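Enquirer: pasted the sequence and its predicted model underneath.
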Amino acid sequence: MIKEPENKIFDRKSAKIKPSDLAETISGFANADGGTVVIGITDKTREFEGVKIIGDKIGDLMSAHKDHCAPMPQCTIEKLDITNAQGQPDALLLIPMEYF
């Protein structure tokens, strides 16, 4: 996921992304060919920052497609356990989507 180039079916986002901005990416994928968004990898350095850095705001990211997309795309959000760049247990959010 760190080395994979971003393209029309794969994107990585920092956990610090605004839910409305994440919803824009989700909507774009859902209205195109589908794809996967990975949350918790820094945009510039491509390091595993994980999602624990945003604390309980993780729920806002997990509901971005419900709260900010109309119509709401069908997607299942998965957590993937990782070790972040600081060597601590953490997680990424994976949002795989099919064509809407």
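Expert: Sure thing, it's come through.
Enquirer: which residues touch stretch 89-100?
Expert: Under the criterion CB atoms under 8 Å, 6 or more residues apart in numbering, residues 1, 15, 26, 29-41, 48-52, 58, 61-62, 65, 71, 73-84 lie in contact with stretch 89-100. The C-beta positions use only the backbone N, C-alpha and C, and glycine is treated the same way.
Enquirer: for stretch 35-48, that is, sorry about that
Expert: Residues contacting stretch 35-48 (CB under 8 Å, 6+ apart): 1-3, 8-15, 17, 22, 25-26, 29, 49-51, 61, 82-85, 90-97.
Enquirer: one more time with 6 Å
Expert: 1-2, 9-15, 25, 29, 49-51, 82, 84-85, 92-96 (CB atoms under 6 Å, 6 or more residues apart in numbering).
Enquirer: in that stretch, which residues are buried?
Expert: Within stretch 35-48, the residues that qualify as buried are 35, 36, 37, 38, 39, 40, 41, 42, 48, counting by 16 or more other CB atoms under 10 Å.
Enquirer: report the distance from that stretch to the chain centre.
Expert: Relative to the centre of its chain, stretch 35-48 is centred 8 Å away, using CA atoms, centre = their mean, to the nearest Å.
Enquirer: and that stretch, average pLDDT?
Expert: Regarding stretch 35-48, the rounded mean pLDDT is 93.
Enquirer: ok, longest helix in this structure?
Expert: Secondary structure of the chain per DSSP state H: the longest helix is helix 19-30.
Enquirer: using CSV, list the CA coordinates for that helix.
Expert: Taking C-alpha atoms only, helix 19-30 is exported to CSV below (Å, rounded to 0.1, in the frame of the first residue of the first chain):
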residue,chain,number,x,y,z
PRO,A,19,-14.7,13.7,6.6
SER,A,20,-16.2,15.8,3.9
ASP,A,21,-13.0,15.6,1.9
LEU,A,22,-12.9,11.8,2.4
ALA,A,23,-16.5,11.7,1.2
GLU,A,24,-15.6,13.4,-2.0
THR,A,25,-13.0,10.7,-2.7
ILE,A,26,-15.4,7.9,-1.8
SER,A,27,-18.1,9.5,-4.1
GLY,A,28,-15.6,9.8,-6.9
PHE,A,29,-14.6,6.1,-6.7
ALA,A,30,-18.2,5.0,-6.3
